[in-house]
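A.B. asks: the sequence and its predicted three-dimensional model are supplied below.
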Amino acid sequence: MFRILAERLKQGSRTLDWPRKEPALSPRYRGRPELADTACGDCRACYAACPAGALFTRADAPGRTPLLDMARCIFCGACAEVCPEGAIRFSRDYRVAAASREGLLVGPRAAGGEGAGGAPADPAALMGDRFRLFRRSLKLREVSAGGCNACEADTNVLGTLVYDLGRFGIEFTASPRHADGLVVTGPVTRNMCAALVDTWAAVPRPRLLVAVGACAISGGLFREAPECLGGLGGTAGDTGPGAPAVADTLTEAGLTPDIYVPGCPPNPWSILAGILALRGEGRPLIPDWTLSVGPGQTIVRG
Amino acid sequence: MHEFDYRKAVALNEVPVLTAEALGERILEHVRDGWRVLAYFGLPEAGGDGAVGLCCVLAHDAEQRLAAARTAPLTAFPSLAEACPQVELFEREIYEEWGILPEGHPWLKPVRRSPDAPGGSGRDFYRVDGSEVHEVGVGPVHAGIIEPGHFRFQCYGEIILHLEIALGYQHRALMALLRPRAAAEPVAALRLAECAAGDSSVAHATALCVLRERLLGLGELSERCQRLRRAGLELERLANHCGDLGAIAGDTGFLPTSSWNGRIRGDFLNLTATLCGNRFGRGLLAYGGAAWGLSSEECADMAGRLAATGRDAAGSAKTMFASSSVGQRMAGTGQVTEALAREIGLVGVAARASGLPRDARFHAPLSSLPQAAPGPRTERTGDVFARAEVRRAEMEDSLTMVEADLDWLGRHPEDAAERERAHGMEKAALAQLPPQRLAVAQVEGWRGEICHVGVTGPDGDFLALRVVDPSFHNWTGMALAMRGGQISDFPLCNKSFNLSYCGYDL
Ligand code: SF4
Ligand code: SF4
């Protein structure tokens, strides 16, 4: 008993007073990308270096800096490394979540600081009162649908002392029946599709859906695997060639995320900030200049 | 069988083509002589007309030798599953992937249940009949934040007569994606290999890099690269062993270590992030080297944090092992005997806990760097206690090694000439692969030996690229460890193995 108490004193208290204090992230951490508008000509070095097919030519500015789709990006930094113009860099901002699939498209910041913009900046305005009900108590259930375990591990870690998820009134439950929403990781394998749909159906309404990781949003590196359905993002062209009929099942079942947390895996703080943003809390999700295309505008894929 | 040095690639025409019967006999003889099966898989003919033969790679740990043999294309072969249980799962995999029938196999259950595979729809479970026997099914969606799998217990009262583990829910067809990419887009393939099992990102990346380097015959890398790679690998081991000890403590109801280790594990992950920006070590490795270096100041900073974290981890583990209730709960739970471990081909922590000195850091070392201990850390009892104790001891060794690596790196800043050489090596490692070669990479991940086997065809593409995660060997051990135990032992026993679902499902 005394031994335990002595050790307890030695181990100390390690919970970070977040969001009042900011976490100390590695100087090499790659957070939200920032793009500068440059004339690329036909360089295409970044396109060639990207292992995830995450860079897209802007239809309105073909010879200039591409769009970076955080839905697919694994934040490997290869594009920034090869760009001779230094047009792509990764900031240390871990607040990368967005409330729409389009919100994950990062375009270049126009000269002078303000972009085409139009993206919602404030979580409160973004989510409105939709999930107000869960302000003081939010229970979530996690489903791994083909995740590699890294997204799961960095979600799981929110329960540990440093993050102490409980202080926000958020808890992961064992049963979907006790949950207010699902957190999904993984590209949704064909073998997990039915279990995911069943679990979602078992969550009482109103319910919310969080997609964590490139896999869960767009299929990530498994976008082209016939055994995977390409995640929950559902943008055309992101569906695995395997079984579009099953992918429709996901949409029909209402599995459309309310918040997307990109990364491979996202940093735990990104996940926490994303979940809090759902309730309209926390600092702005993404600065309004990051977004240069809105819903309905076209980009050239591939 | 053609025998060769584990560090060398062999020309494919040196690997003898045997009849299926002869291959089976060779495998049995070798296993009797102390060899074990590293990989056994379908090898498509070059030219791609759909004809597939078999290829088997064996290892003799004490002699640090490998052996390989293959067959001509075939549609059936005599099963060895009964005589040599460690090939049982490989035979099922061959059948599921290629439709080649292992004749006489006791039960061709699906491995990953690919919906289109032969037998892929088979969902039969083993059943024990009797008026007082009952069945308990769990999963695929489990109670915690954990990957999916289905477990079915046949119980008599509280006693488990049989546990059947049905996986495949995480099947993403990783090997099918990896095979063409690893030759044509090697860097993209490396990023994919890092996702084979997220908690073993560094180990799987190391294996793919080493495989390519061996196929190209690059020779040993600079001491700097070796140390950087090893630091990544050992930090991965520290983080996971620490997390596992915490999880085991949690399932014995001992909350102090459970909650401390959750946090300490994160501190180890953050040290990895200091190396390469990613908590799981993604992006640390590059073919022919390491993608990131460390300055002397960074080494000093990391060494300080490592020492503090190591002290916390040691104190937390000590508190756990000093608790008699924890010790009692672990002792005798989920036992695997040495004979059984050898028979089913266990690897890694689970094998060492049962007394088998299997540790690729010793039987297939990647470098000539000195180890922290004279040999693998083994225990005798093969129970949860032994698996926890092996982890505790290995954490001490890993700490010593990372300390040594940081110390060396701090004292040897990279100069321009060396950087030049390193770049040259990295460039050479991206060259086109030589045709008609077979090479093997064995890397001791924290869970056990990760094995990548590559066979190139006439144009330097991969005819076969097999990824064998330790979980592939060890899930059977987990099922057998539960026999005669109670269902309430299951979570604890499961944590002590801590096997990967996606690493098995691939
Ligand atoms: S950081 Fe993202 S966009 Fe850039 S190369 Fe990597 S995956 Fe592609
Ligand atoms: S997004 Fe990356 S880390 Fe997350 S499950 Fe997919 S591969 Fe793993």
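C.D. replies: Arrived safely. Ligands and ions are numbered 1, 2, ... in the order given.
A.B. asks: roughly how far does the residue nearest to residue B:65 when sequence neighbours are not counted sit from ligand 1?
C.D. replies: Sequence neighbours aside, residue B:3 is the residue nearest to residue B:65 in space, at 5.4 Å (criterion: CB to CB, 6 or more residues apart in numbering or on different chains). All C-beta spots, glycine's among them, are computed from the backbone N, C-alpha and C. Residue B:3 sits 42 Å away from ligand 1 when distances are taken as CB to the nearest ligand atom, to the nearest Å.
A.B. asks: element containing residue B:3, please.
C.D. replies: strand B:2-5 (DSSP states H and E).
A.B. asks: gap between the following helix or strand past that strand and the chain center?
C.D. replies: Downstream of strand B:2-5, the first helix or strand assigned by DSSP H and E is strand B:10-11. Here strand B:10-11 is found 24 Å from its chain centre; the criterion is CA atoms, centre = their mean, to the nearest Å.
A.B. asks: and if you look at stretch B:72-90?
C.D. replies: Remark: stretch B:72-90 is offset 22 Å from the chain centroid, using CA atoms, centre = their mean.
A.B. asks: buried residues of it, list them for me.
C.D. replies: Within stretch B:72-90, the residues scored as buried using 16 or more other CB atoms under 10 Å in any protein chain shown are B:73-74, B:77, B:79-81, B:84-90.
A.B. asks: could you list the low-pLDDT ranges of the stretch 51-200 of chain A?
C.D. replies: Per-residue confidence for the stretch 51-200 of chain A (pLDDT under 70) gives these ranges: A:109-129.
A.B. asks: give me every residue in it lying close to ligand 2.
C.D. replies: A:147-148, A:150-151, A:185-186 (CB under 6 Å from any ligand atom).
A.B. asks: in helices, which of these appear?
C.D. replies: The members of these that map onto helices under DSSP state H are A:150-151.
A.B. asks: which of the residues of the stretch 51-200 of chain A next to ligand 2 has the most neighbours?
C.D. replies: Neighbour counts for those (other CB atoms under 10 Å in any protein chain shown) peak at residue A:148, which has 36 neighbours.
A.B. asks: for it, which non-adjacent residue is spatially closest?
C.D. replies: Setting aside the residues directly before and after it, residue A:148 is nearest to residue B:198 in space (CB to CB, 6+ apart), at 3.9 Å.
A.B. asks: does the one you found touch residue A:146 like I think?
C.D. replies: No: using CB atoms under 8 Å, residue B:198 makes no contact with residue A:146, being 11.6 Å away.
A.B. asks: neighbour count: these two, which is higher?
C.D. replies: Legend: neighbour count by other CB under 10 Å for residue B:198 and residue A:146, higher for residue A:146 (35 against 27).
A.B. asks: from the stretch 201-302 of chain A, which residue is nearest to chain B?
C.D. replies: Taking CB to the nearest CB, chain B has its nearest neighbour within the stretch 201-302 of chain A at residue A:227, 4.1 Å off.
A.B. asks: let me know whether that residue touches residue B:175 as I believe.
C.D. replies: No: look at residue A:227 against residue B:175 with CB under 8 Å: they stay out of range, at 10.8 Å.
A.B. asks: who's more crowded, those two?
C.D. replies: residue A:227 (27 against 17).
A.B. asks: who are the contact partners of the nearest residue to that one once chain neighbours are set aside?
C.D. replies: Nearest non-adjacent residue to residue A:227, counting by CB to CB, 6+ apart: residue B:173, 4.1 Å away. By CB atoms under 8 Å, 6 or more residues apart in numbering or on different chains, the residues touching residue B:173 are A:222, A:225-228, B:114, B:506.
A.B. asks: which of those sits closest to ligand 2?
C.D. replies: Of all the contacts of residue B:173, ligand 2 sits closest to residue A:222, with 7.2 Å by CB to the nearest ligand atom.
A.B. asks: mind checking how far the closest one is from residue A:189?
C.D. replies: 8 Å (CB to CB, to the nearest Å).
A.B. asks: which one's more surrounded, these two?
C.D. replies: residue A:189 (31 against 28).
A.B. asks: find the helix or strand that the residue of chain B found nearest ligand 1 is a member of.
C.D. replies: Across chain B, no residue is closer to ligand 1 than residue B:191, which sits at 7.9 Å (CB to the nearest ligand atom). Using DSSP H and E, residue B:191 maps to helix B:186-193.
A.B. asks: and that helix, how far out from the chain's middle?
C.D. replies: For helix B:186-193 - counting by CA atoms, centre = their mean - the centre lies 18 Å from the chain centre.
A.B. asks: which other helices and strands does it contact?
C.D. replies: Counting contacts by 3 or more CB pairs under 8 Å, 6 or more residues apart in numbering or on different chains; DSSP states H and E, helix B:186-193 is packed against helix B:174-184, helix B:201-216.
A.B. asks: and that helix with helix B:201-216, angle?
C.D. replies: Computed by axes from the mean of the first three to the mean of the last three CA atoms, to 10 degrees, the angle separating helix B:186-193 from helix B:201-216 equals 140 degrees.
A.B. asks: and the contacts of helix B:186-193?
C.D. replies: By CB under 8 Å, 6+ apart, the surrounding residues in contact with helix B:186-193 are A:49, A:51-52, A:74, A:76, A:78, A:221, B:174, B:177-178, B:181-182, B:204-205, B:207-209, B:212, B:282-283, B:285-287, B:430, B:467.
A.B. asks: from the contacts of residue B:173, which has minimum pLDDT?
C.D. replies: pLDDT is lowest at residue B:114 among the contacts of residue B:173; the value there is 66.
A.B. asks: count of residues packed around the residue of chain B found nearest ligand 2?
C.D. replies: Nearest to ligand 2, among the residues of chain B, is residue B:195, at 3.8 Å (CB to the nearest ligand atom). Residue B:195 has 31 neighbouring residues, counting by other CB under 10 Å.
A.B. asks: just to revisit the earlier point, quick check: ChimeraX command selecting the buried ones in the contacts of helix B:186-193.
C.D. replies: Buried members of these can be picked out in ChimeraX with the line below, counting by 16+ other CB under 10 Å:
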select /A:49,51,52,74,76,78,221 /B:174,177,178,181,182,204,205,207,208,209,212,282,283,285,286,287,467
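A.B. asks: return the residues in contact with whichever residue of the stretch 51-200 of chain A sits closest to chain B.
C.D. replies: Taking CB to the nearest CB, chain B has its nearest neighbour within the stretch 51-200 of chain A at residue A:150, 2.9 Å off. By CB under 8 Å, 6+ apart, the residues touching residue A:150 are A:213, A:264-265, B:195, B:198-199, B:201, B:280.
A.B. asks: any chance of JSON lines for these, columns distance to residue B:150 and pLDDT?
C.D. replies: As requested, the contacts of residue A:150 are exported to JSON lines (distance: CB to CB, whole Å; pLDDT from 0 to 100):
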{"residue": "A:213", "distance to residue B:150": "23", "pLDDT": "96"}
{"residue": "A:264", "distance to residue B:150": "27", "pLDDT": "95"}
{"residue": "A:265", "distance to residue B:150": "25", "pLDDT": "94"}
{"residue": "B:195", "distance to residue B:150": "23", "pLDDT": "95"}
{"residue": "B:198", "distance to residue B:150": "21", "pLDDT": "93"}
{"residue": "B:199", "distance to residue B:150": "21", "pLDDT": "94"}
{"residue": "B:201", "distance to residue B:150": "26", "pLDDT": "96"}
{"residue": "B:280", "distance to residue B:150": "27", "pLDDT": "96"}
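A.B. asks: hang on, the earlier thing: wait, a helix at the residue of chain B closest to ligand 2?
C.D. replies: No: counting by DSSP: H, G, I helix; E, B strand; the rest coil, residue B:195 is not part of a helix but coil.
A.B. asks: OK, contacts around it?
C.D. replies: A:148, A:150, A:220-222, A:264, B:174, B:201.
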